[in-house]
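A.B. asks: how does the following fold in three dimensions:
(chains A and B)
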Amino acid sequence: DQQVKQNSPSLSVQEGRISILNCDYTNSMFDYFLWYKKYPAEGPTFLISISSIKDKNEDGRFTVFLNKSAKHLSLHIVPSQPGDSAVYFCAALYTGNQFYFGTGTSLTVIP
Amino acid sequence: NAGVTQTPKFQVLKTGQSMTLQCAQDMNHNSMYWYRQDPGMGLRLIYYSASEGTTDKGEVPNGYNVSRLNKREFSLRLESAAPSQTSVYFCASSEYKGNQPQHFGDGTRLSIL
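C.D. replies: Numbering: from 1, shown residues only, chains lettered A, B, ... in the order given. Here you go, the predicted structure:
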């Protein structure tokens, strides 16, 4: 039973526009969330995180939003660049337990 | 700056064969993890080692064993490989187990015929 879901397997965006990647979770106990980026034949690399005590965290072009009441997490990339083309995974954890990962969204940024 | 190194990168096994996947990290991290990634599914935790000398089961431990050889190295063993274990295996590490990012290796692609 998937506790973390990414319902969009793929997303295409024009260069310079905003990319919005979404993630839903079912366990209200989750208190820490991350986004990872993965290129083919490489491991996931950490992108940005957010604690459940916040609703927004920014790092350069990347912003993560957390809506606890809706159990929804989103990653905004502005402006999108061709090098952002990758698979993005969200992950969630509750303290003392393990991370649960979504199935990933493949982002293509079109030049 | 190697980070997390996994060997081998690719392997083909026959059903019933055994194999050990190796993982080493050079970041002086305390915690290490083994995940598998299958099509249409997120990464799933097989086993983890919160600190040197300890190992615990994750979400999908059946058919696997692990050894935390020292602080740097954490191996995953398939004693009798089955086709259902065909997957991409990722090793990861973090300073501590908990609210912090994990650093991943580049994966081992394992096919079992």
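A.B. asks: average pLDDT across the helix or strand harbouring B:V12?
C.D. replies: Assigned by DSSP states H and E, B:V12 falls within strand B:10-13. Mean pLDDT, strand B:10-13: 96.
A.B. asks: adjacent strands (with direction) for that strand?
C.D. replies: Next to strand B:10-13 in the sheet, as set by DSSP bridges, lie strand B:108-112 (parallel).
A.B. asks: give me the low-pLDDT residue ranges for chain B?
C.D. replies: For chain B, the stretches flagged by pLDDT under 70 are B:1.
A.B. asks: centroid-nearest residue for it?
C.D. replies: When C-alpha atoms, centre = their mean is applied to chain B, the residue found nearest the centroid is B:W34 (2.8 Å).
A.B. asks: interface residues of chain B facing chain A?
C.D. replies: Contacts of chain B with chain A, taken as C-beta under 8 Å from any C-beta of the partner chain, map to B:4, B:35, B:40-45, B:48, B:58-59, B:90, B:92, B:98-99, B:101-107. To be clear about C-beta, it is placed using only N, CA and C from the backbone, and glycine gets the same treatment.
A.B. asks: can you select the buried ones among these for me in PyMOL?
C.D. replies: To isolate the buried members of those in PyMOL, using 16 or more other C-beta atoms under 10 Å in any protein chain shown:
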select buried, chain B and resi 4+35+42+43+44+45+48+58+90+92+99+101+102+103+104+105+106+107
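A.B. asks: burial check on the residue nearest to B:C23 when sequence neighbours are not counted, number of neighbours?
C.D. replies: Leaving aside its sequence neighbours, B:C23 sits nearest to B:C91 (C-beta to C-beta, 6 or more residues apart in numbering or on different chains; 3.4 Å). Using other C-beta atoms under 10 Å in any protein chain shown, B:C91 is surrounded by 30 other residues.
A.B. asks: same check, this time on A:Q6
C.D. replies: For A:Q6, the count of nearby residues is 21 (other C-beta under 10 Å).
A.B. asks: again, but for the one 3 residues further on
C.D. replies: Look at A:P9: counted by other C-beta under 10 Å, it has 11 neighbours.
A.B. asks: check the one 5 residues further on too.
C.D. replies: A:Q14 is surrounded by 12 other residues when neighbours are defined as other C-beta under 10 Å.
A.B. asks: contacting residues around the closest residue to it other than its chain neighbours?
C.D. replies: Distances taken as C-beta to C-beta, 6+ apart put A:I110 closest to A:Q14, at 5.4 Å, once the chain neighbours are dropped. By C-beta atoms under 8 Å, 6 or more residues apart in numbering or on different chains, the contact list for A:I110 reads A:12-15, A:82.
A.B. asks: which of the residues you listed lies closest to A:S49?
C.D. replies: When these are compared for distance to A:S49 (C-beta to C-beta), A:V13 wins out at 22.7 Å.
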